[in-house]
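Enquirer: Need the 3D shape of this:
(2 chains)
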Number of protein chains: 2
Amino acid sequence: MRDAYHEELDSIGYKLVEMTRLVRSAMARATTALLDADVRLAEEVISGDKLVNKLDLEIEETVFDLMARQQPVAGDLRTLITSLRMSADLERMGDLAAHLAKTARRRHPESCVPAELQAIVLEMGQIAERLVAKAGSVIASQDVAMGLELEGDDDAMDRLHRKLFDLLLSPKWTHGVEKAVDITLAGRYFERFADHAVHVAGDVVYLVTGQRPEDIIDEIA
Amino acid sequence: MRDAYHEELDSIGYKLVEMTRLVRSAMARATTALLDADVRLAEEVISGDKLVNKLDLEIEETVFDLMARQQPVAGDLRTLITSLRMSADLERMGDLAAHLAKTARRRHPESCVPAELQAIVLEMGQIAERLVAKAGSVIASQDVAMGLELEGDDDAMDRLHRKLFDLLLSPKWTHGVEKAVDITLAGRYFERFADHAVHVAGDVVYLVTGQRPEDIIDEIA
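Expert: The predicted structure is shown next:
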């Protein structure tokens, strides 16, 4: 049996996993909204972000409350502080999905993604979604090996991000400045979203092992 | 006389102020590097970011060390945790200044800022610089009134950011897609830099008053 204190610690973990689920769903909808110029989906993402923000605030309150009342020992303290950072990363990921949705809404009824970029934008959205799903599994399972995979997954995002710029800046680009600006920002949102997912998983690795993922990867290599 | 514990707490404050100074200087140089296509200044910003990262890590180590050894009470605990967040914001501001410098370096020997945008880019750089200088003063002085000013200063940045997009997307834009992409990213970097400075000052306001700046401003209004 667990006492109230440990139940509250557990509740933070559940809420973080719930945030990854909300943010994953927001990313899926935002990507589809971009590709289909679907303003209804875009609105869902934008209004749904409130729930992500609410969970972030709840986690922050619980953490401060536990710290004030319980004087947690070093290990729990580290967990609590790291939870704040993971929650802040996930809250930011919700913002980035909402930024994507706003980009889709701004150009409605047109799509801001030209046909020849649909495949690459779709792939960026899918990688972003997989990264946050994996981050959620890593929080739930505390699986270090899976946590270390995210750095490699993120390399795929970085490659796509560079390819996107190559396409934008090629002499073959015929879609003008407005679409180039939209795609530049969207590419940046996808890439930052992925970075935050990597941080979240990296924080779990750090909590379990006491080492940062990049240090562990250096040792293995 | 202060004991070793309080000296360490103070040292975190000094380091945060030092980070604001480094990041302000990086922003000044990055803006000039963009406007003058000065690759030497750009390199200084890029290599100088290491020092900002080093201070961030030092603050993190001191905080975890103090927490583990001292079991700080609620008030000090809140200060320590908030210091971690301020340090992370400042570290990110260093990254954003370095991103601006890399944009300048990528287009060297050309400037990526067309003549008619020089004034607006200069102004965005100056506001960014003032915001972080003010954040540094707010950390050093714990001046709540000054801390509350940053929200208003940031509105000026948001207005310039919108104006920049209006210029990029106007039919009069004749500089092609490559420069539009550069300016889109640069605009985003300035705007995010300013947001982080507002957060840093807001964290000080929160530590001193127990309230978030937006709540205080709501009450006054």
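Enquirer: Just checking the host helix or strand of A:Ala26 against chain B, any contact.
Expert: Using DSSP states H and E, the element containing A:Ala26 is helix A:4-36. No. Helix A:4-36 lies apart from chain B when judged by Cβ under 8 Å from any Cβ of the partner chain; the minimum separation is 14.4 Å. All C-beta atoms are positioned from the backbone trio N, CA, C, and that covers glycine.
Enquirer: Counting by contacts, list what that helix packs against.
Expert: For helix A:4-36, the elements it packs on are helix A:39-70, helix A:74-107, helix A:118-141, helix A:176-209, judged by 3 or more Cβ pairs under 8 Å, 6 or more residues apart in numbering or on different chains; DSSP states H and E.
Enquirer: Adding mean pLDDT, mean neighbour count and distance to chain B, write these out as JSON lines.
Expert: Written out in JSON lines, the entries for those read as follows (pLDDT from 0 to 100; neighbours: other Cβ atoms under 10 Å in any protein chain shown; distance: least, Cβ to the nearest Cβ, whole Å):
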{"stretch": "helix A:39-70", "mean pLDDT": "94", "mean neighbour count": "17", "distance to chain B": "4"}
{"stretch": "helix A:74-107", "mean pLDDT": "94", "mean neighbour count": "21", "distance to chain B": "4"}
{"stretch": "helix A:118-141", "mean pLDDT": "97", "mean neighbour count": "21", "distance to chain B": "16"}
{"stretch": "helix A:176-209", "mean pLDDT": "96", "mean neighbour count": "22", "distance to chain B": "5"}
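Enquirer: Pull up the gap between A:Ile46 and A:Ile120, please.
Expert: To A:Ile120, A:Ile46 is 24 Å away according to Cβ to Cβ, to the nearest Å.
Enquirer: go on, A:Glu214?
Expert: For A:Glu214 relative to A:Ile120 (Cβ to Cβ), the value is 27 Å.
Enquirer: again, but for A:Gly176
Expert: 18 Å.
Enquirer: Contacts only, for the spatially closest residue to A:Arg92 that is not a sequence neighbour.
Expert: Distances taken as Cβ to Cβ, 6 or more residues apart in numbering or on different chains put A:His196 closest to A:Arg92, at 5.6 Å, once the chain neighbours are dropped. Neighbour list for A:His196: A:89-90, A:92-93, A:96 [criterion: Cβ atoms under 8 Å, 6 or more residues apart in numbering or on different chains].
Enquirer: how close does A:Glu214 get to chain B?
Expert: 13 Å (Cβ to the nearest Cβ, to the nearest Å).
Enquirer: circling back to that earlier point, next, the angle from the helix holding A:Ala26 to helix A:74-107.
Expert: With axes from the mean of the first three to the mean of the last three Cα atoms, to 10 degrees applied, the angle from helix A:4-36 to helix A:74-107 works out at 20 degrees.
Enquirer: mean confidence score for helix A:4-36?
Expert: Throughout helix A:4-36, pLDDT has a mean value of 95.
Enquirer: next one: it to chain centre, how far?
Expert: Mean C-alpha position of helix A:4-36 versus that of the full chain (Cα atoms, centre = their mean, to the nearest Å) differs by 9 Å.
Enquirer: Can you list the buried residues in that helix?
Expert: Using 16 or more other Cβ atoms under 10 Å in any protein chain shown as the test for burial, helix A:4-36 gives A:8-9, A:12-13, A:15-17, A:19-20, A:22-35.
Enquirer: leaving aside the residues next to it on the chain, what's closest to A:Leu122?
Expert: The shortest distance from A:Leu122 to any residue that is not its chain neighbour, by Cβ to Cβ, 6+ apart, is 6.3 Å, and that residue is A:Leu35.
Enquirer: shouldn't A:Arg21 be in contact with A:Gly136?
Expert: Yes. Using Cβ atoms under 8 Å, A:Arg21 is in contact with A:Gly136, at 6.2 Å.
Enquirer: ok, now which ones touch A:Ile81?
Expert: Applying Cβ under 8 Å, 6+ apart to A:Ile81 gives the contacts A:63, B:67, B:81, B:84.
Enquirer: Of the contacts of A:His196, which is the nearest to A:Asp203?
Expert: Of all these, A:Asp203 sits closest to A:Asp89, with 7.9 Å by Cβ to Cβ.
Enquirer: Tally up the residues packed near A:Ala37, please.
Expert: Other residues within reach of A:Ala37 by the criterion other Cβ atoms under 10 Å in any protein chain shown amount to 18.
Enquirer: quick one: it and B:Gln70, what's the gap?
Expert: The span separating A:Ala37 from B:Gln70 equals 56 Å under the rule Cβ to Cβ.
Enquirer: same check, this time on A:Ala115
Expert: A:Ala115 is 61 Å from B:Gln70, by Cβ to Cβ.
Enquirer: Turn the helices and strands packed on helix A:4-36 into TSV, including distance to B:Leu207.
Expert: Compiled in TSV, these are given as follows (distance: least, Cβ to Cβ, whole Å):
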stretch	distance to B:Leu207
helix A:39-70	12
helix A:74-107	15
helix A:118-141	29
helix A:176-209	24
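Enquirer: check which helix or strand covers A:Leu160.
Expert: helix A:144-168.
Enquirer: tell me how far that helix is from the chain's mean position?
Expert: In this view, helix A:144-168 has its centroid 13 Å away from the chain centroid, taken as Cα atoms, centre = their mean.
Enquirer: swap in stretch A:193-207?
Expert: Using Cα atoms, centre = their mean, the distance between the centre of stretch A:193-207 and that of its chain works out at 9 Å.
Enquirer: Check stretch A:175-193 too.
Expert: In this view, stretch A:175-193 has its centroid 17 Å away from the chain centroid, taken as Cα atoms, centre = their mean.
Enquirer: Not counting it itself, show me its contacts.
Expert: Outside stretch A:175-193, the residues within contact range by Cβ under 8 Å, 6+ apart are A:27, A:34, A:92-93, A:96-97, A:99-100, A:103, A:106-107, A:112-114, A:117, A:121, A:124-125, A:127-128, A:131-132, A:157-158, A:161, A:164-165, A:168, A:173, B:165, B:168-169, B:173, B:176-177, B:180-181, B:184-185, B:188.
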